[in-house]
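A.B. asks: Would you be able to build a 3D model of this:
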Amino acid sequence: MITSALWIALGYLLGSIPFGIVITRALGLGDLRKIGSGNIGATNVLRTGNKPAAAATLILDAGKGAIAVGIVHVMVGPQVAHWAGLAAFVGHCFPVWLRFHGGKGVATFLGTVLALAWPVGLAACVTWLAVVGVMRISSLGALGAAAATPIWMWVLGYPTLVPVGLIMAGVIFWRHRQNIERLRAGTEPTLRQKL
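C.D. replies: Numbers count the residues shown, from 1 in each chain. Predicted structure coming up:
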């Protein structure tokens, strides 16, 4: 039990590394929390005008969850890996280094789910792309993918992952509560308006 708890804690610490802030500071792009939405994710990094920095942030944020799952799966086993991946996702959304004010978790969510069960992760990515392709609203794609993922887990034969999927979906909806208010009001910007 102690060993499992330590691996889960490691997952959280890995997930809490704010790569968006690290990259923008290293490149002299300013404090990401004072740019655009103030979010620490790749979309806000893109608002600096530096596409490679945004791409690197996206990959690293997704990689946090995937690496946590992969390492713990090898060292301990799949059951603990599920929770370590969830911990990495929570770490991104609520990082201790930033007084628990982190990102919205979409990239880390997708990276984690891809590592836990790639068919589910692929289905989640396709869901995100489909919603964004039709509606042209990034937050709606994230909410759609999050809501669909526990269903995909069940349908595609990964019922033991459903609790993890439900928790991650709940956190994503919570982190997007302001977006949800704007969606209801019809004021949520499209992708073109954001950039």
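A.B. asks: in the chain, which segments are predicted with low confidence?
C.D. replies: Within the chain, the segments meeting pLDDT under 70 span 1-2, 192-195.
A.B. asks: just checking, what packs against the longest helix seen in the chain?
C.D. replies: The residue-count maximum for a helix in the chain (DSSP state H) belongs to helix 51-75. Helix 51-75 sits against helix 2-15, helix 19-26, helix 42-46, helix 78-93, helix 106-116, with contacts defined as 3 or more C-beta pairs under 8 Å, 6 or more residues apart in numbering; DSSP states H and E. No exception for glycine: its C-beta is placed from N, CA and C like everyone else's.
A.B. asks: Can you say which of the ones you listed is nearest to residue 100?
C.D. replies: helix 78-93 (8.5 Å; C-beta to C-beta).
A.B. asks: tell me the angle that closest one makes with helix 106-116.
C.D. replies: Helix 78-93 runs at 170 degrees relative to helix 106-116, counting by axes from the mean of the first three to the mean of the last three C-alpha atoms, to 10 degrees.
A.B. asks: possible to save the helices and strands packed on helix 51-75 as CSV with mean neighbour count and distance to residue 189?
C.D. replies: Output for the helices and strands packed on helix 51-75, formatted as CSV (neighbours: other C-beta atoms under 10 Å; distance: least, C-beta to C-beta, whole Å):
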stretch, mean neighbour count, distance to residue 189
helix 2-15, 17, 28
helix 19-26, 20, 20
helix 42-46, 23, 11
helix 78-93, 25, 22
helix 106-116, 27, 16
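A.B. asks: re the thing from before, residues contacting the longest helix of the chain, please?
C.D. replies: Contacts with helix 51-75, where a contact means C-beta atoms under 8 Å, 6 or more residues apart in numbering, come from 7-8, 10-11, 14-15, 17, 19-20, 23-24, 27, 29, 41-43, 45-46, 48, 80-82, 84-85, 87-89, 91-92, 103, 107-116.
A.B. asks: what about residue 171, is that helix, strand or coil?
C.D. replies: Three-state call for residue 171 (DSSP: H, G, I helix; E, B strand; the rest coil): helix.
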